[in-house]
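A.B. asks: give me a model of this one.
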Amino acid sequence: MTSFIPGFNNTLNPKAKFYMELAEQCSGLLQGQRNAVTNTANVSSLVYHSLLDTSVREGKPVNWVGFYLRDKANADSLLLGPFQGKPACTEIAFGRGVCGTAASQAKSVVVKDVHEFPGHIACDAASKSEI
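C.D. replies: Below you'll find the predicted structure:
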């Protein structure tokens with residue numbers, strides 16, 4: 001990762017700089033490509049490997065980055081999409097776990113301790129937080 005990002009406020013802390021650069025790289029990957037599988041696969045890989053290679057994690061492990069996609073055949077569930085990391089649950093019902101809750105509310109949910117989240121689905125007991 002570069003320490004200077006042209007066009008951005010470079011007085012930001014290292015974590016903010018990291019995520020700004022990551023967003024810029026994601027944008028570059030998506031440019032000119034409209035296929036959802038292609039884009040989510042590339043973004044999963046970029047985010048996962050970027051997080052593995054940076055100190056902004058502050059020593060916290062990263063074990064999974066990926067997407068759950070709406071199932072056209074069953075509008076009340078999410079199916080596992082492209083990801084990087086350990087195996088994951090293949091289907092999540094709306095309202096179950098962090099991802100199912102986010103889908104049912106149509107908004108992002110940030111959970112620092114998933115073990116305290118009502119209805120948490122333990123696809124991997126090592127996971128501690130989810131977005």
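
A.B. asks: can you tell me the SS state at the nearest residue to residue 15 once chain neighbours are set aside?
C.D. replies: The shortest distance from residue 15 to any non-neighbouring residue, by Cβ to Cβ, 6 or more residues apart in numbering, is to residue 56 (4.5 Å). (C-beta placed from N, C-alpha, C; glycine too.) What DSSP: H, G, I helix; E, B strand; the rest coil gives for residue 56 is coil.

A.B. asks: also the one 5 residues further on?
C.D. replies: When classified by three-state DSSP, residue 61 comes out as coil.

A.B. asks: what about the helices in the chain?
C.D. replies: For the chain, the helices defined by DSSP state H occupy 14-30, 36-52, 97-105.

A.B. asks: any idea how far residue 64 is from residue 35?
C.D. replies: Residue 64 is 22 Å from residue 35, where distance means Cβ to Cβ, to the nearest Å.
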